[in-house]
Structure formats: structure tokens, C-alpha cells
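Asks: any chance you could fold what I've pasted below:
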Amino acid sequence: MKILVIGTGYVGLVTGACLADVGISVCCIDIDKVKIDNLQKGILPIYEPGLENTVVNNTQKGRLQFSTSLAEHIHGADAIFIAVGTPPGEDGSADLSYVLKVANEIGKHLQQYTVVVTKSTVPVGTSEKVRASIQTALDIRDADIEFDVASNPEFLKEGAAIKDFMSPDRIVVGVDSEKAREVMDTIYKPFLLNGYRIIYMDIPSAEMTKYAANAMLATRISFMNDIANLCELVGANINHVRNGIGSDPRIGKKFLYAGVGYGGSCFPKDVKALVKTGKSLGYNLRLLEAVEAINEDQKSILFDKINRHFDGNLNGKTIAIWGLSFKPNTDDMREAPSLVLIESLLRAGATIKVFDPIAMHEGKKTLGDKVIWCKDVYETALGALAIALVTEWNEFRLPDWVKLKNIMHEQVVFDGRNIYDDVQLQKVGFVYYGVGLTV
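Replies: Okay, the predicted model is just below:
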């Protein structure tokens, strides 16, 4: 079986590498020649645990190729996965220009029956636009070639994408022909052998499922952050509340952690796009509008705590920032809460020292020389008045607090993820602030 994957970003590269890993012949296509040249050398454009080994191993075994030319590799392809970006436009709607451009290119070069699969996160109705774009290009060629369109949204968690792809909770596939279903069955048969399930549905429902899933998770996060803020006002402890409600099987324990808000490439973009879709149809998704507003406010929560502690005078004060990426085990800084905090502190005149285990190179693209870049948690804390924990990397979980106390000018911790024991830190001599734990 032969598959093409168009786009070598996060979704495309993981998809191509994992499909190759189960024995399928895969060629990943991208117009970025530098990126393709690097991939051919085993140099990846993103960090994701396990991905480099998977890419290198399958490239060496000849199952995974990289190219800039769709035309050279389309012959014999059983399926073509479209996995290019759908960035938010100024109005919040998903920009489909890259998806439709790829569809047009497919139509220009299609030679035999193929299933064209939208893997990118796209609004309901996009598959029909993809179908129309391909058909228009075929009509210009006067080519009578059969094809089908399918929707196969991804449900990959950054930092655990390989595991998610190889051991999926579910595989959602939207099709409107038995022939397309047979092709998708063949592609995912190796996963079915391990007991994982494909959920087949109509194409619009598959497209909506992706947005609804991310919107639900974002809603849980914003709900807990809203409750955490109320906990501080009434003297309750959000960790106790989380344990109490999470024990209810109707609610469950996942995505109930208070913090500094969600970020990344999916939740912010998908919530905005879903709200925009509703508005375009004359329907206001009031709950999701509130989810988005709460999240934007929550990204300022650490700054507000820091500013209050120092009585509104941060000018010349040195603050250590632990963590830049929007979550652990990734270098992704898109919509990262750390950026909001750092920019607010800089505007207030603070000096910022920063460390992240993986995302330093990405951070430098955005922050440049505005901050002081450090090699570890201790260099970051040296001479600082306070530590602000933004991303809960494992190596931040159990530092030497006595050592930190001795190298800091003042001993204050602002824990944006509630990973520390406030009693333990107070015994060492630190002033501790969490989220939803103290006023």
C-alpha cells in the first residue's frame, strides 16, 4: 500500500512516520525544500518524544520518503492525507487556503482512484470544498478519474503523539462511499488487530467531532480555572474540590487541573473557529465564548499575583521563569501562557531570567534578548526575588529548595500549576502562591 502525506508539520510528520512504522510505504510532501532536505538527513522541524527515532528508522528501511514534488509520487497512491496548517484568520475562522491549494494540486496530477483524506483540523463543510477543488482541476484537464474524499481528524496530544497514534482511544473516519471505507479499513487494519476501534460516520459529523472534542476539553480547563479563582475568594482549596468532583464517574478526573490557562496549536484555534462557525450561521456559542474569555484572563493570573505581592512595584526586580512551552514534553510555544506573563513583567520593568528544558530555541525566536537565558533552574533563580513556575516539566518537580533559598535575594514561589507542597516550601522559608489555593 502507498500513501502520500501532504505537510510535514506536527500532524503530517507524526502521521507519516507512524503509518510507515506499521509497514505502509509513505512519502511525505512539503513545499519547504529546507525542511525536506533536513528530514532526509534525519533533522526534524519539531520536538516530540520518540518521533526522531521513528522517522530515522523508517527512512533507513525505505518505508518513509520525503519530497517536494507531489507530481513525482502521486502515481499508485491509494490515499493522500492532507495535513497542512489551518491557522486562524483575523476573525477567528480557520484559513483553508493551504488545504484547498493542496486539493487543487491533487486534481492537477491525479492519475487513478485515490481516497483524499483531510487530516488537518477543518470546519464542517471543508471536505466538500476539497472535493469541488479537485473536481474543478480534473475538469480543466478533461480527466475522468474517480476519487473519494474522507475525513479522518487527528486526536494527538503533543508530548505523547506517537503513543496516541499507535494506541488510539478511537479512530474517527467520515466517509460517504463503501469504496473509501474499504481503503480506510486497510490503512488502519494494523491498529484494529490490537483491539482499537474505528468509528465510522458521515463526513460532516467527523469534521465536527474534532472541534467538539477540543472544545469540551478547553471547557473543562476554563471551568476549573473559574472555580479556582472563586476558591481563593471564599477560602476553599481547588485541589480538594478537584478530588471531590473528580471522584464522580460522570465527571471523571481528567482535565480538572487549575492553572494559568491553555495554549498550544489546537485548543485556542479550534475554540475560536467553532465560535466563528456558529456566528456565520447566526448562532452564538455562548458557552465557548465564555471559555475563551476565561482562558485569556487566566493567562494573566500569575502576573496579577506577582504584582500584588510586590505592591505594584516590579521595576528593576528580577523574576525567574521556569517553563516556556505551553505544556511539558513539547517545544510548542504557540499561545503559551508564559509569553503573556513575560510580556507583562517586562512592561512593568522587571528583569526576567528564563529556563525551559526544550523550548529555549523557540522562545528565542519570539523573545530575543528581552530576557536572560539560563542553563538550568539554579542559574535562573540566582539573584532572583521570585520563581514563577509556568510549565510543569518533570525536572521542575523536586528541586533543592534549600539551595534555591540560599542563592535567591528573596524567597517567593508563584506556582502556576499547583505542583508544589505549600507546607513544605513554607517550612524551608518560602512564601508560596498557587492557583485556587490562597488569596
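Asks: and the residue nearest to residue 110 when sequence neighbours are not counted, how many neighbours?
Replies: Nearest residue to residue 110 in three dimensions, chain neighbours excluded: residue 145, at 5.3 Å (C-beta to C-beta, 6 or more residues apart in numbering). All C-beta atoms are positioned from the backbone trio N, CA, C, and that covers glycine. By other C-beta atoms under 10 Å, the residues close to residue 145 number 14.
Asks: please renumber the chain so that the first residue is 25 from this point on.
Replies: Understood, numbering begins at 25; the last thing we discussed is residue 169.
Asks: wasn't residue 169 part of a strand?
Replies: No. Residue 169 is assigned coil when assessed by DSSP: H, G, I helix; E, B strand; the rest coil, not a strand.
Asks: residues in contact with residue 323?
Replies: 284, 285, 287, 361, 364, 365 (C-beta atoms under 8 Å, 6 or more residues apart in numbering).
Asks: go on, residue 198?
Replies: Going by C-beta under 8 Å, 6+ apart, residue 198 touches 151, 174, 175, 176, 224, 225, 226, 227, 228, 229, 230, 231.
Asks: again, 7 Å this time
Replies: The contact partners of residue 198, by C-beta atoms under 7 Å, 6 or more residues apart in numbering, come to 174, 175, 225, 226, 227, 229, 230, 231.
Asks: separation between the fourth one and residue 236?
Replies: This means residue 226. Separation of residue 226 from residue 236 (C-beta to C-beta, to the nearest Å): 14 Å.
Asks: equivalent analysis for the first one, please.
Replies: From residue 174 across to residue 236, the span is 19 Å (C-beta to C-beta).
Asks: and for the fifth one?
Replies: Here the criterion is C-beta to C-beta. By it, residue 227 lies 15 Å from residue 236.
Asks: quick check: which ranges of the stretch 225-374 of the chain have low pLDDT?
Replies: Counting by pLDDT under 70, the stretch 225-374 of the chain contains no low-confidence range.
Asks: which residues in it form helices?
Replies: Assigned by DSSP state H, counting those that start in this stretch, the helices in the stretch 225-374 of the chain fall at 227-258, 262-270, 291-304, 310-322, 325-333, 361-371.
Asks: would CSV of these with mean neighbour count and distance to residue 435 be doable?
Replies: Converted to CSV, these look like this (neighbours: other C-beta atoms under 10 Å; distance: least, C-beta to C-beta, whole Å):
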stretch, mean neighbour count, distance to residue 435
helix 227-258, 19, 22
helix 262-270, 16, 22
helix 291-304, 20, 34
helix 310-322, 18, 26
helix 325-333, 20, 12
helix 361-371, 20, 18
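Asks: picking that back up, between the contacts of residue 198, which is closest to residue 203?
Replies: The nearest member of the contacts of residue 198 to residue 203, counting by C-beta to C-beta, is residue 174 at 10.4 Å.
Asks: three-state assignment of that closest one?
Replies: Following three-state DSSP, the label given to residue 174 is strand.
Asks: give the burial count for it, as a bare number.
Replies: For residue 174, the count of nearby residues is 26 (other C-beta under 10 Å).
Asks: and it, how close does it get to residue 219?
Replies: Distance from residue 174 to residue 219, by C-beta to C-beta: 23 Å.
Asks: now do the strands in the protein.
Replies: With DSSP state E, the ranges of strands along the chain come out as 26-30, 49-53, 88-91, 103-106, 138-142, 171-175, 195-198, 222-225, 342-346, 375-379, 396-397, 410-413, 436-439, 455-457.
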